[in-house]
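Chemist: here you go, sequence then predicted model.
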Amino acid sequence: EKTTVAIIGAGVAGLTLATLLQKSGIACIVLETQSRSTVETLQRAGVVEARGVEMFERWGLAEDLLAGSIAQTIDYRVNGKSRIFKLTKDSRNSGRFCTQQMLVNNLLKTLIDKMCGDVRFEVQNVIIQNKQNEPTKVIYYDKAGTHEIDCKYIAGCDGSRGTSRSSIPNGILTKYSYEFGYSWLAAHVESPLKEHPIMAVSDYGFVGQLPRGPHRSRYYLQCELSDGPQDWTDERFWNEVRLRLNDSTISDVTIIDKQFVPLRSVVFSPMQYRNLFLAGDVAHLVPPTSAKGMNLALYDVDILAQAFLSAVNYNDLKALNEYSDTCLPHIWTYQDFAISMTNLMHDAGNPEQHGKFRQMTARAQLDTLFNSPAATQLHSEYQKGNI
Ligand code: FAD
């Protein structure tokens, strides 16, 4: 069997890339280890930023994929005291509210149901053949047996634990990483956000609440790296939310799921090896404090889809050869933002984390976001994904 691009992984990166290629008449096959129903239920990010909106508009897909407008404010709280940060206005698009789950579902409908795209779920043991003097191939197994796909290019979009990266020989990639030393308990709950998205520091640690549709929201609570479900009963969770937000009126509601996310930043460089190109979480991770992971994945596949188009339609390999060099500066810019936001929101809180001195400087930094128009502008640009 033959195709032009074999795509490993049907997350945001793989499905968006496949949709862009399919729309441009470039043959591709997507391989996914999970079932369609599992892929459809994964819920993480909440917003497609301005750059992503512009990308989907440019490819003529925005109306099919994206939902409504988003808040242009953030409630930065310190020990329960609110301060509403207003994002500066500019002539660019604003981001759109679109949960990751909604985006993935809309991509699946558009790609499979409307465009007759080829997405194969529940595959096993995906093996990448990408050596010099050998044809580029992907081999996989399913209930029917072994399958081989001859292809020109492979896109590794299989997330942080995917296998495409490990097919690259030792010594080619450099891993740059930074561990923050704490985790977030991410909980999807059956209660909507009342007003503004909340990012709150307190003497007891960080808590955030972000919108996830008209009836739901997601809370994030700073916790120990070693914490797991056994440490966080629902009762403890709600008591801690009330304590950190200094708001006794919050009542316990149904928690749909709890996830423990160690905060870390990772970049693999370069993002390509011969005919294999990495995109999304398989190539880089940012802590969720920055809310950039899905948006960086969208950036990668926009660049990669355009590069595949030039290579396949015009035999022009320049953009493909420069794929890593085009993506990495953007990724490092948002790694910088993610580190700065994560340090700010945690150092400004519990002094046991990094000491009273760091707490005072972090709180001064938070003040500067409100008091200096230049800082307000820069922070807005980062938040909107305009840099
Ligand atoms: P994934 O979504 O992980 O998709 C990879 C796919 O590949 C999966 O379906 C997986 O099953 C499949 N796969 C794995 N291995 C194989 C294999 N060997 N063969 C075939 N398929 C395979 N980002 C934001 O922009 N904003 C946010 O607010 C935000 N909040 C987040 C909150 C949490 C709690 C977390 C954990 C992340 C958050 N992110 C956010 C980050 C965002 O979810 C990720 O960056 C995004 O999912 C990356 O997409 P991806 O397609 O690269 O990887």
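Modeler: That came in fine, so what should we check first?

Chemist: quick one: residue 281 from residue 266, how far?
Modeler: 9 Å (Cβ to Cβ, to the nearest Å). Every residue, glycine included, has its C-beta placed from N, CA and C.

Chemist: mind listing the shared neighbours of those two?
Modeler: residue 160 (Cβ atoms under 8 Å, 6 or more residues apart in numbering).

Chemist: which parts of this protein sit against the ligand?
Modeler: Contact residues, the chain versus the ligand (Cβ under 6 Å from any ligand atom): 8-14, 31-34, 39, 44-46, 100, 126, 157-159, 162-163, 186, 259, 261, 280-281, 288, 291-295, 297.

Chemist: can you list the low-confidence ranges for this structure?
Modeler: The chain contains residues with pLDDT under 70 at 91, 93.

Chemist: which stretches in it count as helices?
Modeler: Along the chain, the stretches classed as helices by DSSP state H are 12-23, 36-41, 50-58, 62-65, 100-108, 234-245, 293-314, 318-321, 323-347, 351-354, 356-371, 373-384.

Chemist: I'd like these laid out as CSV, including mean neighbour count.
Modeler: Shown next, in CSV, are the helices of the chain (neighbours: other Cβ atoms under 10 Å):
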stretch, mean neighbour count
helix 12-23, 27
helix 36-41, 14
helix 50-58, 19
helix 62-65, 16
helix 100-108, 20
helix 234-245, 17
helix 293-314, 22
helix 318-321, 15
helix 323-347, 19
helix 351-354, 15
helix 356-371, 15
helix 373-384, 16
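
Chemist: what's the closest of the ones you listed to residue 201?
Modeler: Counting by Cβ to Cβ, residue 201 lies closest to helix 323-347 out of the helices of the chain; the figure is 5.9 Å.

Chemist: follow-up on the earlier one: filter the residues of the chain next to the ligand down to the buried ones, PyMOL style.
Modeler: Selection of buried members from the residues of the chain next to the ligand for PyMOL, criterion 16 or more other Cβ atoms under 10 Å:
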select buried, resi 8+9+10+11+12+13+14+31+32+33+34+39+44+45+46+100+126+157+158+159+162+163+186+280+281+288+291+292+293+294+295+297
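
Chemist: among the residues of the chain next to the ligand, which are in strands?
Modeler: Mapping these onto strands (DSSP state E) picks out 8, 31, 126, 186, 259, 261.

Chemist: who are the neighbours in contact with the nearest residue to the fourth one once chain neighbours are set aside?
Modeler: To tie it back to what came earlier, the one meant is residue 186. Take residue 186 and drop its neighbours on the chain: the residue closest to it by Cβ to Cβ, 6 or more residues apart in numbering is residue 259, 4.6 Å away. Residue 259 is in contact with 185-187, counting by Cβ under 8 Å, 6+ apart.

Chemist: quick one, phi/psi of the residue in the stretch 51-200 of the chain positioned nearest to the ligand?
Modeler: Ranked by Cβ to the nearest ligand atom, the top residue of the stretch 51-200 of the chain for proximity to the ligand is residue 159, at 2.7 Å. For residue 159, the backbone dihedrals are phi 70, psi 180 (criterion: degrees, to the nearest 10).
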